[in-house]
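# my questions are about this predicted structure, shown below with the sequence.
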Amino acid sequence: MKPQDFDVYKNMLYAKSGYVITIDKAYLLESRLAPVIKKHGIANMDLLTMKMRSNPPTALVDDIVDAMTTNETMFFRDQKPFDKFRDVIVPGIIKAKGPNCTIRIWSAACSSGQEPYTLGIMMKENALKWAGVKFEIIATDLSREILDQAKAGKYSQFEVQRGMPIMMLVKYFTQTGETWTIKDDIKNMVQFRQFNLLDPMEQFGTFDVIFCRNVLIYFDQQTKGKILEKMAKRVHKHGYLLMGGAETVLGITQAFKPLEGERGVYIPA
Amino acid sequence: MKSCLVVDDSRVVRKVARRIIEDLGFSCDEAEDGVKAYEACQKAMPDSILLDWNMPNMSGIEFLEKLRAMPGGDAPKVVFCTTENDMAFIQRALMAGANEYIMKPFDGEIVATKFSQIGLL
């Protein structure tokens, strides 16, 4: 792909989502846009680029943004953040708010739903211990298509195998052939909404926990800072922010600081 | 070093599984059916067993039931690794004492995740 063609997508993607792609990811652009080309009946990549240079229809632009910003996920991804949620974060919030509190959680880039459903399963598994606590899970993603998938709660054999312990698979899923569907009692615990992290966040109110893992890596430093500062205003004083293992707030914002001894967990500064 | 017994009637599957499990830091032995696996366990009980379901002479589920009944047979962590992916099979395996269950096809990441979740890694 020619650099000037690549820039058409790079600039559009940055303007619409804040995502930054570099020329070394041109191969990703071509492979991820192949289904979009097919869906819109466009003969090839060059013709798609031509369309993008003129006045592309909104549906086409949305599909390109969807295709480029959809990220891989899995149930109980990295495990440790969920252990910390159970052993450090929820006890910390209960200590601050009392045993009969409501804990509001935001899964800020939920993709196909594995993260919020993992949280729902954890709440069921710890229901006795957290008997008085009411949980609210808001899960957002930029992609409408991936949110539809998340809401359906249907996963392939390959997807459930990547992270879901077998006892929980049997307990919380139903099976139809090679498709595994999360049961309604878990599904009903999660509210899914389409949301762009670049937009104002006031509509969501305030959270006790924000999961924002492995998503800010796609933004430039300035955008990361803006998003984190907006999040800091949406998290309670006693609240927590969880980021991916390779991510940090250090050098980006002073609105959060690391929670000592708990890698990947941040608290308002 | 922890040990793992790979039980599968397919030589190719045993070879692939062995490579994955050795990469995870385990010493590995192989058995081609339940009878051979039972004999191996009588000689030396492994820390973990990766177990196929359908095999000649003695199936994986028969082997697991016999293993759990033998002295020291409750110790190994048993992970089924099979093409039997129906819920009824999974439930039967769990009832018989399986610790985890992998539905074929599988890869190294799935094996590592499952081994980690049951405390082998």
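Yep, that arrived.

# I figured A:L228 hits A:V249, correct?
Yes: taking CB atoms under 8 Å as the definition, A:L228 is a contact partner of A:V249 at 6.0 Å. Every residue, glycine included, has its C-beta placed from N, CA and C.

# which residues do the two both contact?
Contact criterion CB atoms under 8 Å, 6 or more residues apart in numbering or on different chains; residues shared by A:L228 and A:V249: A:L241, A:A255, A:F256.

# ok, of these, which one's closest to chain B?
Within the shared contacts of A:L228 and A:V249, the smallest distance to chain B is 25.4 Å, found for A:L241 (CB to the nearest CB).

# can you confirm B:E62 is in a helix?
Yes: if the criterion is DSSP: H, G, I helix; E, B strand; the rest coil, then B:E62 is within a helix.

# so it touches B:G34, yeah?
Yes: applying CB under 8 Å, one finds B:E62 in contact with B:G34, separated by 5.6 Å.

# looking at those two, which is more packed in?
B:G34 (26 against 16; other CB atoms under 10 Å in any protein chain shown).

# tell me what the residue of chain B found nearest chain A is bridged to.
Closest to chain A within chain B is B:Y101: 4.2 Å, counting by CB to the nearest CB. Beta bridges link B:Y101 to B:F80, judged by DSSP bridges.

# and for it, the neighbour number?
The burial count for B:Y101: 26, using other CB under 10 Å.

# against B:K43, how distant is it?
Plainly put, B:Y101 is 26 Å away from B:K43 if you go by CB to CB, to the nearest Å.

# now do the worst-scoring helix or strand of chain B on mean pLDDT: distance to the chain's middle.
Within chain B, no helix or strand scores below helix B:108-117, which has a mean of 94 by mean pLDDT, DSSP states H and E. Relative to the mean C-alpha coordinate of its chain, helix B:108-117 is positioned 13 Å out (CA atoms, centre = their mean, to the nearest Å).

# touching chain A at all, it?
Yes: Helix B:108-117 is in contact with chain A by CB under 8 Å from any CB of the partner chain, via B:E109, B:I110, B:T113, B:S116, B:Q117.

# just the buried ones from these?
For the residues of helix B:108-117 next to chain A, a neighbour count by 16 or more other CB atoms under 10 Å in any protein chain shown gives the buried set as B:I110, B:T113, B:Q117.

# so the second one makes contact with A:R162?
Just to be clear, that refers to B:T113. Yes: with contact defined as CB under 8 Å, B:T113 counts as touching A:R162 (6.6 Å).

# how about B:N57, what does it touch?
B:D33, B:G34, B:V35, B:K36.

# determine which two of those are furthest apart.
Spanning the widest gap among the contacts of B:N57 are B:G34 and B:K36, at 7.5 Å by CB to CB.

# got the residues of the stretch 101-250 of chain A near chain B?
Counting by CB under 8 Å from any CB, the stretch 101-250 of chain A sits next to chain B at A:Q157, A:Q161, A:R162, A:G163, A:P165, A:I166, A:M167, A:L169, A:V170, A:Q175, A:E178.

# what sits against the last one?
Applying CB under 8 Å, 6+ apart, we find A:E178 in contact with A:S156, A:Q157, B:N85.

# the same query, at a cut-off of 6 Å, please.
A:Q157 (CB atoms under 6 Å, 6 or more residues apart in numbering or on different chains).

# and the pLDDT for it?
pLDDT for A:E178: 90.

# let me know the distance separating it from B:K104.
From A:E178 to B:K104 the distance is 12 Å (CB to CB).

# go on, the fourth one?
Computed with CB to CB, the distance linking A:G163 and B:K104 is 17 Å.

# what residues sit buried inside the strand or helix carrying A:A67?
Assessed by DSSP states H and E, A:A67 sits inside helix A:58-69. Within helix A:58-69, the residues scored as buried using 16+ other CB under 10 Å are A:L60, A:V61, A:D62, A:D63, A:I64, A:V65, A:D66, A:A67, A:M68, A:T69.

# same question, stretch A:179-193
A:W180, A:T181, A:I182, A:I186, A:K187, A:M189, A:V190, A:F192.

# what does stretch A:36-53 contact?
A:D5, A:V8, A:L60, A:D63, A:I64, A:A67.
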